[in-house]
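Enquirer: Sequence and predicted structure, then a few things I'm wondering about:
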Amino acid sequence: MKVTVVGAGSVGASCAEYVAIKNFASEVVLLDIKEGYAEGKAMDLMQTASLNSFDTKITGSTNDYSKTAGSDVAVITSGIPRKPGMTREELIGINAGIVKEVAGNLIKHSPDVTLIVVSNPMDTMTYLVHKTTGLPKNKIIGMGGALDSARFKYRLAEALEAPISDVDGMVIGGHSDTGMVPLTRLATRNSVPVSAFLSEERLNQVSEDTKVGGATLTKLLGTSAWYAPGAAVSGLVQAIACDQKKMFPCSALLEGEYDLDDICIGVPVILGKDGIEKIVSVDLSDSEKAKLQESAAAVKKTNGLLEL
């Protein structure tokens, strides 16, 4: 099992580290345009192998896509990161050109690859890859909901004063501060609805804190977060590589599901060796449906900025 991560910045390197530590891939290739950068990150990570007990081989490459040949899964983190005060949507012009080129280069050397898109604005970049590559739709996955759901569970556990392992919940919709739809109604603590423990007001606060999760960290750190994004990507990679049939909310191309068409947006899917093996239909309340439609309208507006 060979995994490529394009972009050896904080998120890419974090993803490579988590994939290696989980020890399910034979090889991880880190690729970056900055001379020597991916090689340096790869060497540093390989020097943790004996300490962290993994046998995954990590190699680095400066923009040589031939090193990625035969990849089963490839992760695209390339693009400029979000600066404080910058919206994900403002990134579109710059990142669209980068993502299109990267995806093309990956497919050239690994025609059967499954692509995971992380670059922001993620839902729009995932749509761009669908429209410009010709890969089957099950082979293109946007990573947003897995991260947003992890942040949701963190906020739920905080409010419940419970261990995170007790908590389950999911975020659907667009991967943006306003587009996220945390499904508080369906969230549970050990199978018991969280509404049994928390007031509506407190749950609304959890929801709002989740939606600005990324921006909160950007404000504190001065740049985008990397540990949780890297871990979230590694979870998707493992589900595909190990054919786990795990359910994650991911940005998938919809063709009528959830009454949406010709759009990539976060919905629950089953991930296995074929990428997105099924889009899971969840019965949403009228309020949740309305929020998802509102989120989709914003994503479509951003998609309209693409020069396809």
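Expert: Yep, it's here. Residues are numbered from 1 along each chain as shown.
Enquirer: Now do the helices in the stretch 51-200 of the chain.
Expert: 92-109, 122-133, 145-160, 200-211 (DSSP state H, counting those that start in this stretch).
Enquirer: which of those sits most buried?
Expert: For these, the largest average neighbour count (mean count of other C-beta atoms under 10 Å) is found in helix 122-133, namely a mean of 25. To be clear about C-beta, it is placed using only N, CA and C from the backbone, and glycine gets the same treatment.
Enquirer: and that helix, what other elements does it pack with?
Expert: Other helices and strands packing on helix 122-133, by 3 or more C-beta pairs under 8 Å, 6 or more residues apart in numbering; DSSP states H and E, are helix 92-109, strand 114-117, strand 140-142, strand 246-255, strand 261-272, helix 286-303.
Enquirer: That helix to helix 286-303, inter-axis angle?
Expert: Taking axes from the mean of the first three to the mean of the last three C-alpha atoms, to 10 degrees, helix 122-133 and helix 286-303 form an angle of 50 degrees between their directions.
Enquirer: averaging pLDDT over each of the helices of the stretch 51-200 of the chain, which comes out lowest?
Expert: Looking at those, the lowest mean pLDDT belongs to helix 92-109 (a mean of 94).
Enquirer: Kindly check the end-to-end length of stretch 56-70 for me.
Expert: Stretch 56-70 stretches 16 Å from its first residue to its last (C-alpha to C-alpha, to the nearest Å).
Enquirer: and for that stretch, what are the contacting residues?
Expert: 2, 4, 6, 8, 16, 19-20, 23-43, 45-46, 49, 74, 105-106, 108-110 (C-beta atoms under 8 Å, 6 or more residues apart in numbering).
Enquirer: cool, and stretch 239-248?
Expert: Against stretch 239-248 from outside (C-beta under 8 Å, 6+ apart): 1, 3, 24-25, 72-73, 114, 145-146, 149, 235-236, 238, 268-273, 275, 277, 280.
Enquirer: same question, stretch 94-110
Expert: 4, 6, 65-66, 68-72, 74, 76, 78-80, 113, 115, 117, 119-121, 124-125, 128-129, 132-133, 135, 306-307.
Enquirer: Weed out the non-buried ones from the contacts of stretch 239-248.
Expert: 1, 3, 24-25, 72-73, 114, 145-146, 149, 235-236, 238, 268-272, 275 (16 or more other C-beta atoms under 10 Å).
Enquirer: can I assume residue 121 is in contact with residue 92?
Expert: Yes. Applying C-beta atoms under 8 Å as the test, residue 121 and residue 92 come out as touching, 5.7 Å apart.
Enquirer: Make a markdown table from the helices and strands packed on helix 122-133 and add distance to residue 188 to it.
Expert: Listed next are the helices and strands packed on helix 122-133 as a markdown table, based on distance: least, C-beta to C-beta, whole Å:
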| stretch | distance to residue 188 |
| --- | --- |
| helix 92-109 | 36 |
| strand 114-117 | 27 |
| strand 140-142 | 25 |
| strand 246-255 | 14 |
| strand 261-272 | 15 |
| helix 286-303 | 16 |
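Enquirer: Figure out which of these is closest to residue 181.
Expert: Closest to residue 181 of the helices and strands packed on helix 122-133 is helix 286-303 (C-beta to C-beta; 4.6 Å).
Enquirer: Can you list the helices and strands that the closest one packs against?
Expert: helix 122-133, strand 171-173, strand 180-182, strand 261-272.
Enquirer: Can I get these in a markdown table including distance to residue 84?
Expert: Listed next are those as a markdown table, based on distance: least, C-beta to C-beta, whole Å:
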| stretch | distance to residue 84 |
| --- | --- |
| helix 122-133 | 19 |
| strand 171-173 | 23 |
| strand 180-182 | 20 |
| strand 261-272 | 24 |
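Enquirer: List just the one of those that sits closest to residue 54.
Expert: From the helices and strands packed on helix 286-303, taking C-beta to C-beta, the stretch that ends up closest is strand 261-272, at 22.2 Å.
Enquirer: helices or strands up against the closest one?
Expert: helix 122-133, strand 140-142, helix 145-160, strand 171-173, helix 227-241, strand 246-255, strand 275-279, helix 286-303.
Enquirer: Nothing else from me, thank you.
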